[in-house]
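[1] how would this look folded up:
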Amino acid sequence: MEFHFAPSNVPKFIFLLALLIVTTNAQNDNLFSNICPKTKNPNSCLSLLKHDSRTNKATSVQTLGIGSLSMAMDQSILSMNLLDNLVRKTFLPDKEMYSYLNCRNYYKFALAKLSDAKKEFGGNKFSSARRNVAVVVKAAATCRRIGSPPPGIKSAIDMSETMFNIAYVIMQEADGKKI
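    Numbering: from 1, shown residues only. Model (predicted):
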């Protein structure tokens, strides 16, 4: 079967392309509007998922889960690096130094657990992935114990908690649906 791309076919092609884009965006919006209200910060969830290239085209909980875990892993690395820089470049009293080092170690632990969760999720082991992310979410309180962190560290802690929570809600959704 031959297809000749004649000028009369251009409107049909544009219509089909537009239909594909609208359908994909509707699937994304439906998926995001199902997930984000279940998170602690629905507005941030919606914004983060819509604007990240790993999740903005997701049309299933499976692809959204892999993307959100990647985002959470990247946030762990960023937070860990910020804490490393702070500890190396700043003189801190022993008690504060211990808090920052403990928090940094938490992000190292979180990164390992999120990596395990991503492998399990990719292998359709949704319950195991959910349990790993649950451990990460609960351990986030470690960094909340820091009294008054500098603004950059506080932002990193806040964003990490948001990302971990989003990933956890998606893991719950996948585990509940058994996709």
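[2] tell me the centre residue of the protein?
    residue 68 (2.9 Å; C-alpha atoms, centre = their mean).
[3] buried stuff in the helix or strand that one falls within?
    In the assignment (DSSP states H and E), residue 68 maps to helix 61-89. The neighbour-count check on helix 61-89 (16 or more other C-beta atoms under 10 Å) flags 61-62, 64-73, 75-76, 79-80, 82-83, 86 as buried. (Each C-beta comes from the backbone N, C-alpha and C, glycine too.)
[4] starting at the chain centroid, how far to it?
    From the chain centre to the centre of helix 61-89 is a distance of 9 Å (C-alpha atoms, centre = their mean, to the nearest Å).
[5] Average pLDDT for stretch 106-120, rounded please.
    In this model, stretch 106-120 carries a mean pLDDT of 96.
[6] got the buried residues for it?
    In stretch 106-120, counting by 16+ other C-beta under 10 Å, buried: 106, 107, 108, 109, 110, 111, 113, 114, 116, 117, 118, 120.
[7] For it, which outside residues touch it?
    Stretch 106-120 has contacts (C-beta atoms under 8 Å, 6 or more residues apart in numbering) with 66, 69-70, 72-73, 76-77, 79-80, 83, 126, 128-130, 132-133, 135-136, 139-140, 142-143, 160, 164, 167, 171.
[8] which residues of this protein fall in helices?
    Applying DSSP state H to the chain gives helices spanning 10-35, 42-51, 61-89, 94-122, 126-139, 141-144, 151-177.
[9] tell me the angle of the fifth one relative to helix 61-89?
    If I follow you right, that is helix 126-139. 30 degrees (axes from the mean of the first three to the mean of the last three C-alpha atoms, to 10 degrees).
[10] other SSEs contacting helix 126-139?
    helix 61-89, helix 94-122, helix 151-177 (3 or more C-beta pairs under 8 Å, 6 or more residues apart in numbering; DSSP states H and E).
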